[in-house]
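J.: Take a look and give me a structure for this.
(chains A and B)
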There are 2 protein chains.
Amino acid sequence: MEFDLIECIGRHCALARADVVLGIGDDAALLAPPAGHHLAVSTDTLVDGVHFVHGTPARDIGWKALAVNLSDLAAMGATPAWALLALTLPHADHAFVDDFAAGFAELAAPHALALVGGDTTSGPLAIGVTVLGLVPAGQALRRDGARVGDVVCVTGTLGDAAAGLRWLDEAVAQREAVDPTSRAALLQRMRRPQPRVAAGLALRGLASACIDVSDGLLADLGHVARRSGVGIEVAADALPASPALRHACDGALRVRLQASGGDDYELAFTAAPERLDAIRHALEAVDCGVSCIGTVVAGSGVRLLAADGSAIALPSAGWQHFA
Amino acid sequence: MEFDLIECIGRHCALARADVVLGIGDDAALLAPPAGHHLAVSTDTLVDGVHFVHGTPARDIGWKALAVNLSDLAAMGATPAWALLALTLPHADHAFVDDFAAGFAELAAPHALALVGGDTTSGPLAIGVTVLGLVPAGQALRRDGARVGDVVCVTGTLGDAAAGLRWLDEAVAQREAVDPTSRAALLQRMRRPQPRVAAGLALRGLASACIDVSDGLLADLGHVARRSGVGIEVAADALPASPALRHACDGALRVRLQASGGDDYELAFTAAPERLDAIRHALEAVDCGVSCIGTVVAGSGVRLLAADGSAIALPSAGWQHFA
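T.: Numbering: from 1, shown residues only, chains lettered A, B, ... in the order given. Reported below is the predicted structural model:
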């Protein structure tokens, strides 16, 4: 454990939580989970040039490294509590670490998340974050609860982050006639995803299954279908698009970005149709939009359907980690 | 999350624990910690060419990635329970993953540790492991409890792993007249460190402070001294050496390997002198050797002393992460 660097990060994230018995600076952190709760634990790694474009500002990397992990907790309906950070750096770059920590802390603070441990090692730039959250026993949202007849919904809008990546190069954006305002909005969603933590909590007891959209809507719904032993049909026309995305593109490109672009960090979930009203109210209360985009059917796999009911084939079913 | 690879690893580590509500395959694992316990959580990353020699067998990497993390739990006096794995691989090499998982599982099984989650990403080879252990509330061993007058002890022997690294190259070993049997024993300790989990549990209620020796004895005792607000004096003559190390070298080289070589994963701890008998019995019961190597004194820092009481200067105070 490289104390200087982790303690420097710890200072940015100096949040006092009564359930942190011992934080950064010993062989392990000591935490006191509350009775009657399950721990939700997840880990995700971001690699330079794979999960973010080489040269991304350190502050954005810090934010995103935590965001993608909080998104996993959101998908479980868990309340974030603690995190550990494994930072691999080519060299001890204190300016990078400071900016990284500031971005990490910027997202940690509103979630009252405490950084309780970690290590820094030398090597090619990569960031591993482990998050721990709490959920009352038996109330977690899982992937295996979708039932035939359920509706399929998604929070917010889809495709912005993938569009931001497509138009990261300003020359490409100009060539494809994307206006600067839309481009800026799309880039912001790519760089600063907002994990749907409040929406996940609101969906407890209402959604039958839930997943966060990281690899791409269809790929992620594929996990729900497989774990639940069902099929899923999605209506391409129903996929929600932000004003920026609608402004920037339409047709097949827009659908492709929405259905398989990934990096959205929205929640895709299923629910019994009679729960829909309650869900709309619960999500409205946390200022989160929701769209019904499909149905759970008997069978297996995920199909994307055009308005006439024909299946739409996409070039890729989602993000391939080792493509 | 790359399911194929993580589920392949999960099959190697398919351990049923009643406290795993939901394991690999959802957005997060769900765990049920027992009442009255604190969670001990630690994360450590191994990078190819930094923490292990490039070309190390995958099975040894799998073992060591878990061992260095279990060693952190051992130093807290915590019982290992669950782990998450973040595996970064240059390409989807199933043979590597299989061997890696076998080595990981080989060490996980005797500790009844369940792998409950993880992700695999593409990038330069690196392995991040997060371990979670359990310790009755208030009984954890910490770094900040050393008191003036305490004795300083260490389990097992020191310097073997660093010696193994020095003589990894057979030509160097031959040139320095290291016999093949000793060399094999030293290499084995470098490749397959045995975390002192049972010793850590045995030291609960007996040790006043504890740390695992990963960066090098003096560097790690430095953390204890700093956190406890004390100084530590270590007698070079008292440092325990294995038969293989004694056979392979002596004098200043041996002392240097023992005092600052690192990668030992023994436990260095302090205790009130009147506890020494109980400690010897408790460690003997778990088949773990122990040596008294020094004293806690007023002041700060760590001094290595020769038999005549003079201070010994070492070229390096321990493993430097960004040297």
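J.: can you tell me how far residue A:61 sits from residue A:36?
T.: Applying Cβ to Cβ, to the nearest Å, one obtains 36 Å for the distance of residue A:61 from residue A:36. For every residue, glycine as well, the C-beta is placed using N, CA and C.
J.: Which one of these two is surrounded by more residues?
T.: Set side by side, residue A:61 and residue A:36 show unequal neighbour counts under other Cβ atoms under 10 Å in any protein chain shown, the larger going to residue A:61 at 22 against 11.
J.: List the buried residues in stretch A:296-315.
T.: Judged by neighbour count (16 or more other Cβ atoms under 10 Å in any protein chain shown), stretch A:296-315 contains these buried residues: A:296-297, A:302-305.
J.: same question but for stretch A:133-151, I mixed them up
T.: Quick answer for stretch A:133-151 (16+ other Cβ under 10 Å): A:133-135, A:140-146, A:150-151.
J.: Residue ranges of each domain in chain A, please.
T.: Partitioning chain A according to automatic domain parsing yields domains covering residues A:3-136, A:151-305.
J.: pLDDT, distance to chain B and secondary structure for the buried residues of stretch A:296-315 - can I get that in JSON lines?
T.: Formatted as JSON lines, the buried residues of stretch A:296-315 follow (pLDDT from 0 to 100; distance: Cβ to the nearest Cβ, whole Å; DSSP: H, G, I helix; E, B strand; the rest coil):
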{"residue": "A:296", "pLDDT": "98", "distance to chain B": "17", "secondary structure": "strand"}
{"residue": "A:297", "pLDDT": "98", "distance to chain B": "22", "secondary structure": "strand"}
{"residue": "A:302", "pLDDT": "97", "distance to chain B": "15", "secondary structure": "strand"}
{"residue": "A:303", "pLDDT": "97", "distance to chain B": "20", "secondary structure": "strand"}
{"residue": "A:304", "pLDDT": "97", "distance to chain B": "21", "secondary structure": "strand"}
{"residue": "A:305", "pLDDT": "97", "distance to chain B": "25", "secondary structure": "strand"}
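J.: Need the max-distance pair from the residues you listed.
T.: Of all pairs drawn from these, the one with the longest distance (Cβ to Cβ) is A:296 and A:304, at 14.7 Å.
J.: still on that earlier bit, which of the buried residues of stretch A:296-315 lies closest to residue B:22?
T.: residue A:296 (20.4 Å).
J.: Show me the helices in the stretch 151-300 of chain A, by range?
T.: Under the criterion DSSP state H, counting those that start in this stretch, the stretch 151-300 of chain A contains helices at A:160-166, A:170-175, A:180-191, A:197-202, A:217-228, A:243-248, A:251-260, A:276-285.
J.: Was I right to think residue A:89 contacts residue A:119?
T.: No: assessed by Cβ atoms under 8 Å, residue A:89 is found out of contact with residue A:119, at 11.1 Å.
J.: which residues does the residue nearest the centre of chain A contact?
T.: With the centre of chain A defined as its mean C-alpha position, the nearest residue by Cα atoms, centre = their mean is residue A:265, 2.9 Å away. Going by Cβ atoms under 8 Å, 6 or more residues apart in numbering or on different chains, residue A:265 touches A:67-68, A:71, A:161, A:193-196, A:212-214.
J.: Next: residue A:45.
T.: Contact partners of residue A:45, counting by Cβ under 8 Å, 6+ apart, are A:51, A:86, A:126-129, B:86, B:88, B:119, B:121, B:128.
J.: repeat for residue A:65
T.: Applying Cβ under 8 Å, 6+ apart to residue A:65 gives the contacts A:44, A:46, A:85, A:104, A:127, A:129.
J.: repeat that for 6 Å
T.: Remark: with contacts taken as Cβ atoms under 6 Å, 6 or more residues apart in numbering or on different chains, residue A:65 is in contact with A:46, A:127, A:129.
J.: Stretch A:122-131: end-to-end distance?
T.: Taking Cα to Cα, to the nearest Å as the measure, stretch A:122-131 stretches 22 Å from start to finish.
J.: Now do it: distance to the chain's middle.
T.: If you compare the mean C-alpha spot of stretch A:122-131 with that of the full chain, they lie 18 Å apart, counting by Cα atoms, centre = their mean, to the nearest Å.
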